[in-house]
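>>> What shape does this take:
(one chain, ligands or ions: 1)
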Amino acid sequence: MPAERAPVITVDGPSGSGKGTISRLLARELGWHWLDSGALYRLLALAARRHGVALDDAGTLADLARRLDVRFADDGGGEPRVLLEGEDVTRELRTEQTGAAASRVAALPAVREALLDRQRAFRRPPGLVADGRDMGTVVFPDAELKIFLTASAEERARRRHKQLKEQGFEASMDALFRDILARDERDARRAVSPLRPAADAVVIDASDLSIDEVMARVRALVRERGLHGD
Ligand code: C5P
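Numbers count the residues shown, from 1 in each chain. As a prediction, the model looks like this:
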């Protein structure tokens, strides 16, 4: 199968909707590749800081995006380790500060353009589960299945708080809630690739659903579209 014909399932949605967990579980279940596109924007933000590049210097950031030296080391366990220029940045990548900086560089059209080919290169047999904001609308418009996972801002702040605590970070619930609203607003309003479901996406509101319940719905969709091996 030529790489560009490998099937793709896109999982888009706002941060904290659970799309990272769901897409990773799905990729593992199907034995497919996984693209965490948010990690690329986060890595670019980290690289910019390391190289002293301003977060609004679109031209230099786009160059940096094309040359970004990244490796995802999947050890088969939880989240893959992420290496930037050979250094493990897995922990730094997940901080609120990095997320906020990522959302700023992601608003620049030149940066999004520079990351397009990199993202499409993840499409390889037997298939790809792509997690992000514009996977179904821009990066893989021909995906076999598009899911848009959402949840209320309160629920997302609560989950994020729990997740950060588990990772050993302290954060105030109020500040997280405000950050989530600000990031949603910026992601939804930006001129290029705003956060919105593709016209042919299946929207799942996960506010009152457990991970298992969301996975059950996703599995049913995967079977319906004939994307399952058995
Ligand atoms: O999903 P995650 O929180 O890691 O993404 C970090 C930021 O990167 C988001 O707030 C968003 O601004 C940006 N992003 C994007 N397009 C994607 C993935 C992430 O603009 N496909």
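>>> Can you pull the residues of the protein lying near the ligand?
Within the chain, the positions near the ligand by CB under 6 Å from any ligand atom are 15, 37-38, 41-42, 99, 102-103, 106, 132-134, 183, 187. Where you see a C-beta, it was placed from the backbone N, CA and C, and this is true even at glycine.
>>> of these, closest to residue 214?
Of all the residues of the chain next to the ligand, residue 214 sits closest to residue 15, with 15.8 Å by CB to CB.
>>> Determine the number of other residues adjacent to that closest one.
Residue 15: 21 surrounding residues under other CB atoms under 10 Å.
>>> Tell me how many other residues surround the closest residue to it other than its chain neighbours.
For residue 15, the nearest residue in space outside its immediate sequence neighbours is residue 183; the separation is 6.4 Å by CB to CB, 6 or more residues apart in numbering. If you count neighbours by other CB under 10 Å, residue 183 ends up with 20.
>>> quick one: which helix or strand includes residue 183?
Assigned by DSSP states H and E, residue 183 falls within helix 173-189.
>>> Residue 156 too?
In this assignment (DSSP H and E), residue 156 forms part of helix 153-166.
>>> Convert the C-alpha atoms of that helix to CSV, please.
What follows is helix 153-166, C-alpha atoms only, in CSV (Å, rounded to 0.1, in the frame of the first residue of the first chain):
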residue,chain,number,x,y,z
ALA,A,153,-14.7,24.0,29.8
GLU,A,154,-15.4,23.1,33.5
GLU,A,155,-14.9,19.4,32.9
ARG,A,156,-11.8,20.0,30.9
ALA,A,157,-10.3,22.2,33.6
ARG,A,158,-11.1,19.6,36.2
ARG,A,159,-9.4,16.8,34.2
ARG,A,160,-6.4,19.0,33.4
HIS,A,161,-6.1,19.7,37.1
LYS,A,162,-6.1,16.0,38.0
GLN,A,163,-3.6,15.2,35.2
LEU,A,164,-1.2,17.9,36.3
LYS,A,165,-1.4,16.8,39.9
GLU,A,166,-0.6,13.2,38.8
